[in-house]
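Colleague: below: sequence and its predicted model.
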Amino acid sequence: QVQVAESGGRLVQPGGSLRLSCVASGLDSTEYSMGWFRQAPGKERRFVAAIKWNGDNAAYGGAVEGRFTIVKGGARGTVYLQMDNLKPEDTAVYYCGTVRSWGPWVETTDRYDHWGQGTQVTISS
């Protein structure tokens, strides 16, 4: 059984930094890419970043490119999201998910087969 768990969300001042962690356990294959999405109150879940299963490719949403970095951890099924120069509009629940292989579909929720419960990130002074 696959389980996905996010951690690291908290209250941060604008301009600050934060690192989120995601661990997916029970994966039956090494070819699972992983992605981050976020959802603000009253809005749909939006793509943030994804990294290919072998770590040699990454994709970012337009709102975060240049400020956020997704990194594959050393342990299987582990990824981190480094978030810098945070803005109030980054406030949302951040979700981590797993998706098979790699392609344009990593930027949509449809092909993700496992999700975590989310971690709250609040950017406010």
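Modeller: Arrived safely. Numbers count the residues shown, from 1 in each chain.

Colleague: residues contacting the closest residue to Q120 other than its chain neighbours?
Modeller: Nearest in space to Q120, with sequence neighbours left out and distances taken as C-beta to C-beta, 6 or more residues apart in numbering, is G9 at 4.7 Å. All C-beta spots, glycine's among them, are computed from the backbone N, C-alpha and C. G9 is in contact with L18, L20, V93, Y94, T119, Q120, V121, T122, counting by C-beta atoms under 8 Å, 6 or more residues apart in numbering.

Colleague: neighbours of the fifth one, just the number please.
Modeller: What it means is T119. 22 (other C-beta atoms under 10 Å).

Colleague: I figured it was touching Y94, is that so?
Modeller: Yes. T119 lies in contact with Y94 (C-beta atoms under 8 Å); the separation is 5.4 Å.

Colleague: which residues do these two both contact?
Modeller: E6, G9, L20.

Colleague: ok, so of these, who is nearest S101?
Modeller: Of all the shared contacts of T119 and Y94, S101 sits closest to E6, with 22.0 Å by C-beta to C-beta.

Colleague: is it true that the closest one touches V121?
Modeller: No. Between E6 and V121 there is no contact, the gap being 10.1 Å when judged by C-beta under 8 Å.

Colleague: ok, now which ones touch the nearest residue to V64 once chain neighbours are set aside?
Modeller: Closest residue to V64 apart from its sequence neighbours, by C-beta to C-beta, 6+ apart: V48 at 5.7 Å. Neighbouring residues of V48 by C-beta under 8 Å, 6+ apart: G35, W36, F37, R38, Y60, G61, V64, F68, L81, Y94.
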